[in-house]
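> I would like to see how this sequence folds:
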Amino acid sequence: MQKEYKFAYIAGLVDGEGTITLTYNNKVDLFRAPILSMSSTSKELLVFLQKEFGGSIVRHKTYKRVLVLESSKTKSTQSY
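Next up is the predicted model:
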């Protein structure tokens, strides 16, 4: 997939199914960190996003068929 199409595809996914939040890393930290969160029943989709942004894939607490990718690592905040 060409780079510009890949990023347009990712932007559409995040816009439709994802969440970007700013949160403190811990109680002492004065700076907020962005967290990308995406839920899906497609593990392949989340693995694709994980390769781009890092993070971990876990099962949703309530909906066991749903997987969640959460990434707050440095790789996800690099400029492309």
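> Every contact and neighbour count from this point should use C-alpha atoms.
Fine.
> Can you give me the pLDDT of Leu45?
Note on Leu45: pLDDT of 90.
> count of neighbours near it?
14 (other Cα atoms under 10 Å).
> by contact count, what packs against the helix or strand containing it?
According to DSSP states H and E, Leu45 maps onto helix 43-53. Secondary-structure packing of helix 43-53 (3 or more Cα pairs under 8 Å, 6 or more residues apart in numbering; DSSP states H and E): strand 56-59, strand 67-71, helix 74-77.
> On the pLDDT front, check the residue nearest to Leu36 when sequence neighbours are not counted for me.
Nearest residue to Leu36, sequence neighbours excluded (Cα to Cα, 6 or more residues apart in numbering): Ile20, at 4.7 Å. The per-residue pLDDT reported for Ile20 equals 83.
> Who are the contact partners of Ile20?
Pro34, Ile35, Leu36, Ser37 (Cα atoms under 8 Å, 6 or more residues apart in numbering).
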